[in-house]
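Colleague: How does the following fold in three dimensions:
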Amino acid sequence: MARYKTVFRIFLAIAMVVIGIKHFTDPAPFVSIVPSSLPHPLALVYGSGFFEILGGAGLLIPQFSRAAAWILVILFIAVFPANLYQAIHNIPVPALPNDPPLIWLRLPFQILLVVWAGWFTRQDSPGF
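Modeller: The predicted structure follows:
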């Protein structure tokens, strides 16, 4: 099980760093899903990108991996309103066809991400 956990940790880490970088290189799609009631959407996008990169990189460093996993759990919960806003307002997802059911499917996926990152908050084996 530890081997699988390591593979899933590395996969999530790489995905979070790549997505976090995307927040800086192409922020417009992320800004478009920030609820209009929140101030400074670009700053929020940059902040979430920073924490995605921090969390992803931290997953790869054994002494920081549990803390990094907690950062990601909190981040995934914090950005859930943006995904809900996106679904309610039918804002297209750049990587998916503009199909409302697909946009709504992101919501359960966000819950899966919380559980996935939460798995790494538990120290199952020594060192990692």
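
Colleague: just the helices in this structure please.
Modeller: 2-25, 28-31, 41-59, 65-78, 80-88, 100-119 (DSSP state H).

Colleague: Give the lowest-confidence helix or strand of the chain, using mean pLDDT as the measure.
Modeller: The element with the least model confidence among the helices and strands of the chain, by mean pLDDT, DSSP states H and E, is helix 100-119, at a mean of 90.

Colleague: So which elements touch it?
Modeller: In terms of contact count using 3 or more CB pairs under 8 Å, 6 or more residues apart in numbering; DSSP states H and E, helix 100-119 is assigned the packing partners helix 2-25, helix 65-78, helix 80-88. Any C-beta I mention is one placed from the backbone N, CA and C, and that applies to glycine too.

Colleague: export that helix as CSV, just CAs?
Modeller: The C-alpha coordinates for helix 100-119 follow below in CSV (Å, rounded to 0.1, in the frame of the first residue of the first chain):
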residue,chain,number,x,y,z
PRO,A,100,-23.2,21.8,-18.1
PRO,A,101,-23.3,18.1,-16.8
LEU,A,102,-19.5,18.0,-17.2
ILE,A,103,-19.1,21.3,-15.3
TRP,A,104,-21.3,20.0,-12.5
LEU,A,105,-19.2,16.8,-12.4
ARG,A,106,-16.3,18.9,-11.2
LEU,A,107,-18.1,19.3,-7.8
PRO,A,108,-17.9,15.7,-6.7
PHE,A,109,-14.3,15.6,-8.2
GLN,A,110,-13.4,18.4,-5.8
ILE,A,111,-14.7,16.3,-2.9
LEU,A,112,-12.5,13.4,-4.2
LEU,A,113,-9.5,15.8,-4.2
VAL,A,114,-10.2,16.7,-0.5
VAL,A,115,-10.2,12.9,0.3
TRP,A,116,-7.1,12.3,-1.8
ALA,A,117,-5.1,15.0,-0.1
GLY,A,118,-6.5,14.0,3.2
TRP,A,119,-5.0,10.5,2.7
